[in-house]
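Q: Only the shape, not the letters, is given here:
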């Protein structure tokens, strides 16, 4: 019963953590979703692309911290994974086109992570069009998720992520489910000086009524243990697709038009390098992932 | 007490993580822009002759109707003209005349074919000058000045249209629509 009680507080804490970090706009009027609803479909893609890249890159991070997987026997580990995608200057602007009657030449303006949106001047002084302003000022987009790793069956471990958070006041509901596995390859290569594994992972996340994303990744993992320390790394192919659905309330002849479109993350391939410390049942890990975007990831885990 | 301590120790690592992660992230830092509800005025013309003259009001308070955020300022970014519902009017009809807002001329038409505005077009569309259409900066500036003083923004302005459209009879609608952006405080 005590274990159950403690587990309840752990779950509550994780939910609070995930809620804090995944709810895009932590304000009463949800400025992030409000901003999106003011942008026409074509411009919304550019405005949101860095957000899609960051969500996809974050979700595809922190899945493994070692390629060492035993053949058979109970292995159970619970981690809180924190991930952060770095936001540079390239993620802060995109090219957009103003509505008629303004010049239809694309102009550079702010993404959701940018500053003040560009103002396009019309044919008469005072007749201007101002693109939406950036609404999130940050140098890193963060996400944290709970992760359970369980094995081992023929050198294979299952990995599960799950967050169910209902809508609370103005905070959108957030649901995340992910499942995957990684398999020890070095069991087929007894002479290998390092541990090798391959992994496959699928995730689905819903944020509010506007964003639904799915991610898939597969890759090769390598690690080498030295006492309590493990150096690990890998290569990974990944994809992330986000469906954006909203009722358009912006300019044009047909306001209140419902938009629904898919956006793909531009992050397709990454290299990972990291270090893990195994302190009896406490595990600490940190890694860096380099691809189209750069992600840093850290994990605090308990288990054997 | 022991129980409370256990709970605190259980939660502590996660609270610490929250503290680490929310540092350096500011949300809603810039003013959000919203499009005001477009407001329009419609004139139904049914005349046996060729002359027309109508007067009506354009309700500016509709721009921020049902908007629940604090508005810092309102700016006009487009004004459009549409002439439709022309059944019963000769297809060769051309229209001349003006649209005037509170005594300030907004636009002038000189022998413009009705079909030119059969779909909604911006009065700032520079390609229409050769078709006999032009906006007037006096009326535009008047509207911009009104919007720049939110505290004294009138609930409506009076719009007059008048002119001729031979050969008659005349059966059509003229619609003027105003598009705005609302700037909120961050």
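A: It's in. Small disclaimer: the values here were computed from a predicted structure and weren't measured.
Q: Give me the neighbour count for the closest residue to residue A:95 other than its chain neighbours.
A: With sequence-adjacent residues excluded and distances taken as Cβ to Cβ, 6 or more residues apart in numbering or on different chains, residue A:95 is closest to residue A:106, at 4.0 Å. No exception for glycine: its C-beta is placed from N, CA and C like everyone else's. Residue A:106 has 13 neighbouring residues, counting by other Cβ atoms under 10 Å in any protein chain shown.
Q: per-residue pLDDT, residue A:106?
A: Residue A:106 carries a pLDDT score of 94 in this model.
Q: Helices of chain B, residue ranges please.
A: In chain B, the helices defined using DSSP state H lie at B:2-22, B:137-148.
Q: returning to that earlier point: the residue nearest to residue A:95 touches residue A:97, doesn't it?
A: Yes. In this structure, residue A:106 is within contact of residue A:97 by Cβ atoms under 8 Å, at 5.4 Å.
Q: who's in contact with the spatially most central residue of chain B?
A: What sits nearest the mean C-alpha location of chain B, by Cα atoms, centre = their mean, is residue B:179, with 1.8 Å. Listed by Cβ atoms under 8 Å, 6 or more residues apart in numbering or on different chains, the contact partners of residue B:179 are A:251, B:35, B:36, B:38, B:76, B:77, B:78, B:79, B:80.
Q: Output the set of residues of the stretch 101-250 of chain A in proximity to chain B.
A: A:101-102, A:110, A:115-117, A:122-124, A:126-140, A:142, A:144, A:249-250 (Cβ under 8 Å from any Cβ of the partner chain).
Q: For chain A, name the helix or strand with the lowest mean pLDDT.
A: In chain A, no helix or strand scores lower on mean pLDDT, DSSP states H and E than helix A:2-22, which sits at a mean of 41.
Q: my bad, should have said chain B
A: Min over SSEs of chain B, mean pLDDT, DSSP H and E: helix B:2-22 (a mean of 46).
Q: Surely residue A:69 is in contact with residue A:157?
A: Yes. Counting by Cβ under 8 Å, residue A:69 does reach residue A:157; the two are 5.5 Å apart.
Q: More neighbours: the two, which one.
A: residue A:69 (27 against 22).
Q: Please, where are all the helices along chain A?
A: Using DSSP H, helices in chain A cover A:2-22, A:31-37, A:41-59.
Q: where are the low-confidence patches of the stretch 101-250 of chain A?
A: The model of the stretch 101-250 of chain A has pLDDT under 70 over residues A:168-172, A:248-250.
Q: Just give the closest residue to residue B:77, not the sequence neighbours.
A: Nearest residue to residue B:77 in three dimensions, chain neighbours excluded: residue A:129, at 4.8 Å (Cβ to Cβ, 6+ apart).
Q: got a list of what the one you found touches?
A: Neighbours of residue A:129 in contact, by Cβ under 8 Å, 6+ apart: A:98, A:99, A:102, A:119, A:120, A:122, B:77, B:181.
Q: Show me just the buried residues among these.
A: A:98, A:99, A:102, A:120, A:122, B:77, B:181 (16 or more other Cβ atoms under 10 Å in any protein chain shown).
Q: The first one contacts residue A:107, doesn't it?
A: Yes. Contact status for residue A:98 versus residue A:107: in contact at 7.1 Å, counting by Cβ under 8 Å.
Q: any shared contact partners between these two?
A: Between them, residue A:98 and residue A:107 share the contacting residues A:120, A:131, judged by Cβ under 8 Å, 6+ apart.
Q: Tell me the pLDDT of the closest residue to residue B:136 other than its chain neighbours.
A: Nearest in space to residue B:136, with sequence neighbours left out and distances taken as Cβ to Cβ, 6+ apart, is residue B:105 at 4.3 Å. Here, the pLDDT recorded for residue B:105 equals 97.
Q: Could you point out the bridge partners of residue B:105 in the sheet?
A: Listed beta-bridge partners, residue B:105: residue B:100 (assigned using DSSP bridges).
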